[in-house]
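A.B. asks: compute the structure for the input listed below.
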Amino acid sequence: MYHYLSFVFAGFMSLGLASSVSSQETKPSKPTTQTQALGEQNRRSIEQVISSYESAFNSKNVETLISHWTATGVYSSQTSGKTTTGRAAMRKQFEILFTDTPSIKISLETDSIQFISPNVALEQGRVTVFSKDGQTTQSDYDVVFVKQQNQWLIDRVSDSESEAVNSSYAELKKLEWLIGQWTATAPGHRVEYTCQWTVNQNFISRKFTVFDPSNETIASGLQMIGWDAKAGLIRSWLFDSDGGLIKGTWHSGDNQWTVQSVASFADGGSGSFSGVFQLHENGEHSWKKTNRVIDGQLMPNIESIRSRRK
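C.D. replies: Numbering: from 1, shown residues only. Predicted structure coming up:
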C-alpha cells in the first residue's frame, strides 16, 4: 500500500524544490512587564523592516527601499570605499545598480539586535549577494536603526570587505519558480509543501506532508535539490518518513521539466518513473507521471495534477 502512495505522491515529492530574518532572542510567551512587551514589539518592528528591505531589493522596488532610510541616512562601504548620504543619493545609486545588474539579488541574515536606547538599535548580520554570472559574495554589516515618529528607520550602514563564497545559484535559479508554499489535491489525498533556498543558495529544500480526506497525515519527508557540477546535471534526493529514498535527475524543456527518478523502498523494493512538470503563465505548475514501474510491474500513468500557491 505504501509503495502505491509513495509513487502517487512522488510527483509532488520530486517537485521539491528570501531569506527569513531571525532574532537570537527567544520571544517570551507572556511579557512580564510593560517594558519587556515594548522591547519585543520594537524588535519585531525592526525584523519586519529587514524583511521588507530584502524583498524590496530583490523586486527592484526603489521607492520602498528609500522609505526605510532616514532623510540623512549614510551608507559606508569598506568594499568600495564610497559613502552615500541622503535619500536622493540613495535613490540614484539604487537606480544605477539595478540598471547595470538587473538580476542582482540579496539574502540578509541577522546575528543580533541590541537596543542602545529606547529609540536607537544596532543590528549586526551578513548579506549574501547573488550576481547574474553566478558569482556570490558575502559581507558582514552593522546597521543603526533610529525610531522617528513611531517608525524604525535605517540611519547608518557600514559593511566589511566582501568575500566570494561558493554557490550553485547560477544553475539552480532555473527552478526558482518552485520557491514558496504550495498545495495540491489528488483523488482522496492532499499534499502541502514548502520550498526554500538553503544557505548560499547551494540547494533547494522541500518539506512535504501528505494528508488523507480526514486531514490525517499519511506521509511526510524532505527533499534536497542541488547541482552536480561533475555531471553537469540538477539532481534531487528525497527522504520519506518510512525510510524510502528517491533519486532524480532534472532535464529542462519547453516550459516544462522532466525528472527521471529511481526509488529504493524501506522494505527492499524498488521502482522508477518519469515525472513531467508543466509551467503555467500565472506562476503555477502541473505534473504528471509516466512509465511507472514498481518491483518490476508496470503501473498506470498519473494524469496531470495542478499545484497552487497557498
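A.B. asks: just the CA coordinates of the strand or helix carrying Asp155, formatted as PDB?
C.D. replies: Using DSSP states H and E, Asp155 sits within strand 151-159. Written as PDB, here are the backbone C-alpha positions of strand 151-159 (Å, rounded to 0.1, in the frame of the first residue of the first chain):
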ATOM      1  CA  GLN A 151       8.700  54.200  12.900                       C
ATOM      2  CA  TRP A 152      12.000  52.400  12.800                       C
ATOM      3  CA  LEU A 153      14.300  53.700  10.000                       C
ATOM      4  CA  ILE A 154      17.800  52.900   8.900                       C
ATOM      5  CA  ASP A 155      20.200  55.700   9.800                       C
ATOM      6  CA  ARG A 156      23.700  54.300   9.300                       C
ATOM      7  CA  VAL A 157      25.000  51.200   7.500                       C
ATOM      8  CA  SER A 158      28.600  50.000   7.200                       C
ATOM      9  CA  ASP A 159      29.900  46.700   5.700                       C
END
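A.B. asks: ok, what's across the strand from Val262?
C.D. replies: Beta bridges link Val262 to Lys247, Ser272, judged by DSSP bridges.
A.B. asks: same question but for Asp159, I mixed them up
C.D. replies: Ser77, Tyr141.
A.B. asks: going forward, begin numbering at 24 instead of 1
C.D. replies: I'll keep to 24 as the first residue from here, and by that count the last item is Asp182.
A.B. asks: what about it, distance to Gly104?
C.D. replies: 12 Å (C-beta to C-beta, to the nearest Å). Yep, even glycine has a C-beta here, placed from its N, CA and C like the rest.
A.B. asks: equivalent analysis for Ser243, please.
C.D. replies: The gap separating Ser243 from Gly104 is 50 Å, by C-beta to C-beta.
A.B. asks: with neighbour numbers in mind, choose between those two.
C.D. replies: The neighbour comparison of Ser243 against Gly104 (other C-beta atoms under 10 Å) goes to Ser243, with 17 against 7.
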